[in-house]
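Asker: coords please:
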Amino acid sequence: MKEDFPLLKSNVVYLDSAATSQKPSCVIDSISNYYKSINANPHRGAYNLSVQATSAYDNAHEVVKEFINASSSKEIIFTKNATESLNLIAYSYGLDNLSEGDEVVLTIMEHHSDLVPWQEICKKNKAILKYMYVNENYEISDSELEKITSKTKIIGITHVSNVSGTINDVKKIISVAHKHNAKVVVDASQSIAHMKVDVQDMDADFLVFSSHKMYGPMGIGVLYGKEELLKNMTPFLMGGDMIEYVYEQDTSYAELPQRFEAGTQNVEGAVGLVEAINYINKIGYDKIREHERELLKYSRSKLEELDFLELYYPKNIDNHSSVISFNIKGVHPHDASSILDTMNICVRSGNHCAQPFLRSLGIDSTLRMSLAIYNDKSDIDHLVDALIKVNKMFEKYKES
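Answerer: Predicted coordinates for the structure are as follows:
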């Protein structure tokens, strides 16, 4: 797989795909070819180049619809990333549908982009923000689901935690939520590159993800929403291409999905996203899961042999995706990450935009390695050898 990714032909050991994945040549070439052959503003010109750009952009909605098994391409909204998608939901749906005393329930695992917007909306509407916490195995237990009540209107849940790698049972949580007539927002940013996402099967009301975490380009994200919800929501951005008629004192809005796609869109990003989807489909999720599970199993066994590490992930590998957070005892993760960089090893250090989650675990930050289809066991071996060296460098300081 490494041969498909130009950047990985160097000696770099890239273990930060949860932050952003590397891009295969086919994705890079698709964007270059778009600019070389059909670059024009879509939905605006009657000339051939604009018609081709429009066709490419509209086709991307259809491809994403098939990819996540949505009912209609009208349910696929392009944004610049998952963060914008989550903000769109909070302000276009939450602001109009939450009343004083209503409750929003999030998991403590949520990324700041699925947490901070709901903080703001709850403050504005005098709603109550509640959290479901993890147990000692980094999972949401059934007892935490009892926090979902008749007062709950919105639930936000990450499909896979970007800190612990926990795979949440979103289908079960959605089922519980719908019994109380609550709407569920699923953040699939950390799952979409690793496992099949079927919005109809899970019955998600909203689901978001970013292209750049699934081998596609930066600058384009996806918001899925059930059509009956989207068509009654207030547009988040106003401007060109999201309108039907504009008068001096009034405006009518375009149909879905254009209603939520104001302004000139990232057509080259949509083209790149389509190519990334084609790349994933060509490999197949079964093969991706098989490869990554074997690599995850190997990683866990190697890291667990290092007694100087603190590890933060589920015990059950069946409930664990491709993210592993850990710390070297007595060494700040920023220091460790910087030293690993001198050995051409890329891992994340910090709070991973999940400060409340880390705080609930009693830690401030961690090192984080995250796997993708282009990683292999040699990457893990390099990391383990490097961690041993880093620990030895700091041993004398620990003793003092």
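Asker: what's the helix or strand containing Glu290 packed up against?
Answerer: In the assignment (DSSP states H and E), Glu290 maps to helix 285-304. On a contact count with 3 or more CB pairs under 8 Å, 6 or more residues apart in numbering; DSSP states H and E, helix 285-304 meets strand 309-312, strand 323-328, helix 377-399. No exception for glycine: its C-beta is placed from N, CA and C like everyone else's.
Asker: Of all those, which one is nearest Ala254?
Answerer: The closest of the helices and strands packed on helix 285-304 to Ala254 is strand 323-328. By CB to CB, the value is 38.8 Å.
Asker: which secondary structure elements does that closest one contact?
Answerer: helix 285-304, strand 309-312, strand 366-370, helix 377-399.
Asker: Tabulate the ones you listed (TSV), appending distance to Ala177.
Answerer: Shown next, in TSV, are the helices and strands packed on strand 323-328 (distance: least, CB to CB, whole Å):
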stretch	distance to Ala177
helix 285-304	26
strand 309-312	27
strand 366-370	28
helix 377-399	38
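Asker: Pick the most deeply packed of the ones you listed.
Answerer: Greatest average neighbour count among the helices and strands packed on strand 323-328 goes to strand 366-370 (a mean of 26), per mean count of other CB atoms under 10 Å.
Asker: Now do it and helix 285-304, the angle between them.
Answerer: 140 degrees (axes from the mean of the first three to the mean of the last three CA atoms, to 10 degrees).
Asker: Give me the helices and strands touching strand 366-370, please.
Answerer: Partner elements for strand 366-370 (3+ CB pairs under 8 Å, 6+ apart): strand 323-328, helix 333-341, strand 348-350.
Asker: would a markdown table of the ones you listed with distance to Gly240, mean pLDDT and mean neighbour count be doable?
Answerer: What follows is those, written out as a markdown table (distance: least, CB to CB, whole Å; pLDDT from 0 to 100; neighbours: other CB atoms under 10 Å):
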| stretch | distance to Gly240 | mean pLDDT | mean neighbour count |
| --- | --- | --- | --- |
| strand 323-328 | 39 | 98 | 24 |
| helix 333-341 | 43 | 97 | 17 |
| strand 348-350 | 38 | 98 | 20 |
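Asker: Mind checking those for the one nearest to Leu49?
Answerer: Using CB to CB, the helices and strands packed on strand 366-370 put strand 348-350 closest to Leu49, at 40.9 Å.
Asker: which ones are touching Asp198?
Answerer: 68-69 (CB atoms under 8 Å, 6 or more residues apart in numbering).
Asker: the strands in the stretch 101-250 of the chain, which residues?
Answerer: 103-107, 128-132, 152-158, 183-187, 206-210, 221-225, 243-246 (DSSP state E, counting those that start in this stretch).
Asker: Extract the C-alpha trace of the helix holding Glu290 and format it as CSV.
Answerer: Backbone C-alpha positions of helix 285-304 (Å, rounded to 0.1, in the frame of the first residue of the first chain) are rendered in CSV as follows:
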residue,chain,number,x,y,z
TYR,A,285,-13.7,-2.6,3.9
ASP,A,286,-13.4,-6.3,4.7
LYS,A,287,-9.7,-6.2,3.6
ILE,A,288,-9.1,-2.9,5.3
ARG,A,289,-10.6,-4.2,8.6
GLU,A,290,-8.6,-7.4,8.3
HIS,A,291,-5.3,-5.6,7.7
GLU,A,292,-5.9,-3.0,10.4
ARG,A,293,-7.1,-5.5,13.0
GLU,A,294,-4.0,-7.6,12.6
LEU,A,295,-1.8,-4.5,12.8
LEU,A,296,-3.8,-3.3,15.9
LYS,A,297,-3.3,-6.7,17.5
TYR,A,298,0.4,-6.5,16.9
SER,A,299,0.7,-2.9,18.1
ARG,A,300,-1.2,-3.7,21.4
SER,A,301,1.0,-6.7,22.1
LYS,A,302,4.2,-4.8,21.4
LEU,A,303,3.3,-1.8,23.5
GLU,A,304,2.0,-3.9,26.4
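Asker: Give me the contact list for that helix.
Answerer: Residues contacting helix 285-304 (CB under 8 Å, 6+ apart): 193-196, 280, 309, 311, 313, 317, 320-322, 324, 326, 369, 371-373, 375-377, 380-381, 384.
Asker: So Val51 lies in a helix, does it not?
Answerer: Yes - according to DSSP: H, G, I helix; E, B strand; the rest coil, Val51 belongs to a helix.
Asker: who's in contact with it?
Answerer: Residues in contact with Val51 (CB under 8 Å, 6+ apart) are Gly45.
Asker: least reliable of the strands of the stretch 101-250 of the chain going by mean pLDDT?
Answerer: Mean pLDDT per stretch puts strand 243-246 lowest among these, at a mean of 93.
Asker: Paired strands for it, with orientation please.
Answerer: strand 251-253 (antiparallel) (DSSP bridges).
Asker: what's the following helix or strand after the strand it pairs with?
Answerer: Counting by DSSP H and E, what follows strand 251-253 is helix 267-283.
Asker: Can you list the buried residues in that following helix?
Answerer: 267-277, 279-280 (16 or more other CB atoms under 10 Å).
Asker: as a whole number, average confidence for it?
Answerer: Computed over helix 267-283, the mean pLDDT rounds to 98.
Asker: for it, packing partners?
Answerer: Using 3+ CB pairs under 8 Å, 6+ apart, helix 267-283 sits against helix 25-37, helix 48-68.
Asker: What's the separation between Asn39 and Ile148?
Answerer: 48 Å (CB to CB, to the nearest Å).
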